[in-house]
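> predicted coordinates and the sequence they were generated for:
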Amino acid sequence: MSPAQGREDVPSTLARSDEKAQRTYAETRDAVEERYDDGSRAARTAWAAVKHTHEKVGDRWEPKPGGAKGPSDAQAQGGVGTDRETAGGVDAHASKEHLADVARRLDVPGRSSMTKDELVEGITEANDRQTREAREDGGS
């Protein structure tokens with residue numbers, strides 16, 4: 001399924017993201033649903049696939065800098081039955097410098113004195129706020 005065909009089937013944050021993020025989610029979800037006939041498992045697996053190539057910035061997903069690949073957080077690292085803490089799409093494995101740059105772009109207050117873990121938390125909160133606002137403004 002192409003992103004244009006399945007756009008209504010992807011979550012709103014992905015609909016506001018690049019085609020690669022949309023395609024990764026849709027193709028992974030469809031493949032897992034076809035193989036296991038389990039929509040919940042398919043969605044979890046599709047999100048993990050997106051988190052390997054993209055990070056959540058504000059109300060959308062952006063490619064990781066420099067084409068970096070790999071899980072964004074402990075939850076995305078796991079397999080079936082994983083129940084670990086998630087960073088909500090923030091690339092918790094990124095450098096502190098990168099996280100500080102994302103926090104600056106999102107205008108996270110107090111970012112200059114934050115630890116890496118605090119930056120991840122601040123970015124997660126800013127992402128959630130921007131996603132909520134986008135949905136309230138009719139952005140799905």
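Alright, I've got the coordinates.

> so residue 69, which of the three states?
Using DSSP: H, G, I helix; E, B strand; the rest coil, the structure places residue 69 in coil.

> state the phi and psi torsions of it.
phi -130, psi 150 (degrees, to the nearest 10).

> how many other residues sit next to it?
Residue crowding around residue 69 was assessed by other CB atoms under 10 Å; the count is 10. Any C-beta I mention is one placed from the backbone N, CA and C, and that applies to glycine too.

> for residue 18, same thing?
For residue 18, using other CB under 10 Å, the count is 15.

> wait, what's in contact with it?
For residue 18, the contacting residues are 61, 62, 63, by CB atoms under 8 Å, 6 or more residues apart in numbering.

> can you pick the most crowded of those?
Busiest of these [other CB under 10 Å] is residue 61, holding 26 neighbours.

> and it, bridged to which residues?
Taking DSSP bridges as the rule, residue 61 bridges to residue 56.

> now do the strands in this structure.
For the chain, the strands defined by DSSP state E occupy 54-57, 60-63.
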